[in-house]
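**Q** coords please:
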Amino acid sequence: MYKLKTTVTDQSVIEFIEQIEQPKKREDAYQLLDIFTETSGYEAKMWGPSIIGFGAYHYKYESGHEGVAPLVGFSPRKAKISLYFATGDSEREDLLKDFGKHTTGKACVYINKVADIHVDVLKALIVQSIRFLQETYPDHPEQ
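**A** Numbers count the residues shown, from 1 in each chain. Here you go, the predicted structure:
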């Protein structure tokens, strides 16, 4: 049976951020921590070894695959900072048009640094993602 790798851990978010070698990336991680915490209203928790997540939702796909994931989050990776927002909502794509310098993958939005983006649009993406996921998956586990 498939086992989820990305689950909540007891690892300290602050200790994780302090281990970031690049001073500018560490500073950006603290700035993102403040923005996500304030905007989401959720406490930051480590999900797996490297994702800082906020809130949680329980998903179940038609295939039967199910699990728990953070509503929003980020990961200050070596190359770029990964931002995690819900996919499948056209409002996300509209917001990303005004987000600033970024690239997108299948589910992630990648930025080089916080200075490249519009923080007000980041806050709107956080709010939109949480609203969309809570409407789509109304079962909210305690995290």
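**Q** Could you count how many residues lie near Val127?
**A** 15 (other CB atoms under 10 Å). In this view, the C-beta of every residue, glycine as well, is placed from N, C-alpha and C.
**Q** should've said Ser82
**A** So Ser82, with other CB under 10 Å, has 18 neighbours.
**Q** Reduced to three states, what does it come out as?
**A** For Ser82, the secondary structure call by DSSP: H, G, I helix; E, B strand; the rest coil comes out as strand.
**Q** all strands for this protein, in order.
**A** 44-47, 51-54, 57-60, 66-69, 72-76, 81-84, 103-104, 108-111 (DSSP state E).
**Q** and those strands as TSV, adding distance to Gln19?
**A** What follows is these, written out as TSV (distance: least, CB to CB, whole Å):
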stretch	distance to Gln19
strand 44-47	12
strand 51-54	12
strand 57-60	28
strand 66-69	23
strand 72-76	10
strand 81-84	15
strand 103-104	25
strand 108-111	20
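**Q** okay if I get these as TSV plus distance to Val8 and mean pLDDT?
**A** Listed next are the strands of the chain as TSV, based on distance: least, CB to CB, whole Å; pLDDT from 0 to 100:
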stretch	distance to Val8	mean pLDDT
strand 44-47	5	97
strand 51-54	8	97
strand 57-60	13	84
strand 66-69	8	86
strand 72-76	11	97
strand 81-84	14	96
strand 103-104	26	95
strand 108-111	19	96
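**Q** and of these, who's closest to Arg26?
**A** Ranking the strands of the chain by proximity to Arg26 (CB to CB) places strand 72-76 first, at 7.5 Å.
**Q** which helices and strands does that closest one pack with?
**A** helix 23-40, strand 51-54, strand 81-84, helix 119-136 (3 or more CB pairs under 8 Å, 6 or more residues apart in numbering; DSSP states H and E).
**Q** Could you export it as CSV, CA atoms only?
**A** Extracted in CSV, the C-alpha atoms of strand 72-76 (Å, rounded to 0.1, in the frame of the first residue of the first chain):
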residue,chain,number,x,y,z
VAL,A,72,-0.9,26.2,1.6
GLY,A,73,2.9,26.1,2.2
PHE,A,74,6.4,26.8,0.9
SER,A,75,9.8,25.2,0.8
PRO,A,76,13.0,27.2,0.5
